[in-house]
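**Q** Provided below are the primary sequence and the corresponding predicted coordinates.
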Amino acid sequence: MRILGVASASAALALGLSSTALACNIREFSAEAQCDGNKGVIVVTDKDASGTPATITVFLENNGADEKQVGKPQDIKGSAEGTTVTFEEKWKPNATYRIRVKAADQVDEDINPNLVTPSTACKKQESQTPTPPATPSPSPSKSTPAKSATPTPSASESSTAPAGTSSNAPSPAAGDSNLAETGASSNTPLIAGVAGALVVIGGGAVFFGMRRRGTKSGS
């Protein structure tokens, strides 16, 4: 009987220790403020080997009181290797955050101590714009003759109006200008000659007419 009692006690102790080892514990949770590029984040890690589902809620503290809740509560299921959830938060240096863990009826408390952010904020990463490779300029084709440059007229030639063309003909004399006013032209000698011939013909006709009349009267 004595041996049986000792064996039962040992089994009960072993069962209690194993159940305790598989139970969720607040010590299996941790939090850290990190930088994701130029953005601040708060990462909570759950190393509960039992995989008990838990809910994580993060609060920003101010003088020992909650100032605001960061994002929405997130669910997590731990593992022996560790499972993480990330809260985006533009945290400031030396800020304090309270992380609340609720895991079924096993855990309902804060991670202790509270999370204090680093003394240096996340730095903005300068984007480096790659320099495009230089494009080689095409060499001129040997078969294409070079175009001859067309001379551009000078400003004085293009802007100055041509002067009036001077005539080499002699200026008309005073008498010529009077003839132009009376209607005389280069045909005047021809007209005068024709008129003179008509006068001579007329005079001859009159002379022969008078002579013929005198002959008739004498007979």
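**A** Here it is on my side, so go on. Numbers count the residues shown, from 1 in each chain.

**Q** If we ignore the residues flanking it in sequence, what's nearest Thr96?
**A** Spatial nearest neighbour of Thr96, excluding adjacent residues (CB to CB, 6 or more residues apart in numbering): Glu61 at 4.2 Å. (C-beta placed from N, C-alpha, C; glycine too.)

**Q** Same check on Thr52?
**A** Cys24 (4.0 Å).

**Q** what about that neighbour, which SS state?
**A** What DSSP: H, G, I helix; E, B strand; the rest coil gives for Cys24 is coil.

**Q** From Arg98, how far out is it?
**A** For Cys24, the distance to Arg98 equals 19 Å [CB to CB, to the nearest Å].

**Q** ok, back up a step: what sits against the residue nearest to Thr52?
**A** Asp48, Ser50, Thr52, Ala54, Gly78, Ala103, Ala104, Gln106, Val107 (CB atoms under 8 Å, 6 or more residues apart in numbering).

**Q** And it, how far from Ala80?
**A** On the measure of CB to CB, Cys24 and Ala80 end up 13 Å apart.

**Q** repeat for Ile111
**A** To Ala80, Ile111 is 19 Å away according to CB to CB.

**Q** Between the two, point out the one with more neighbours.
**A** Ile111 (19 against 11; other CB atoms under 10 Å).

**Q** That one contacts Val101, doesn't it?
**A** Yes: using CB atoms under 8 Å, Ile111 is in contact with Val101, at 6.4 Å.

**Q** Quickly list what's touching both of those two.
**A** In contact with both Ile111 and Val101: Ile26, Phe29, using CB under 8 Å, 6+ apart.

**Q** On the C-terminal side of the top strand by length along the chain, identify the next helix or strand.
**A** Taking DSSP state E as the criterion, the chain has its longest strand at strand 65-77. Using DSSP states H and E, the helix or strand that follows strand 65-77 in sequence is strand 83-88.

**Q** list the helices and strands that following strand packs on?
**A** strand 39-46, strand 65-77 (3 or more CB pairs under 8 Å, 6 or more residues apart in numbering; DSSP states H and E).

**Q** Give me the contact list for the next helix or strand after that strand.
**A** Using DSSP H and E, the helix or strand that follows strand 83-88 in sequence is strand 96-103. Strand 96-103 is contacted by residues 24, 26, 29, 31, 33, 42, 44, 48, 52-61, 66, 70, 89, 91, 107-111, 114-117 when judged by CB under 8 Å, 6+ apart.

**Q** can we see that at 7 Å?
**A** 24, 26, 29, 31, 42, 44, 52-61, 66, 107-111, 114-116 (CB atoms under 7 Å, 6 or more residues apart in numbering).
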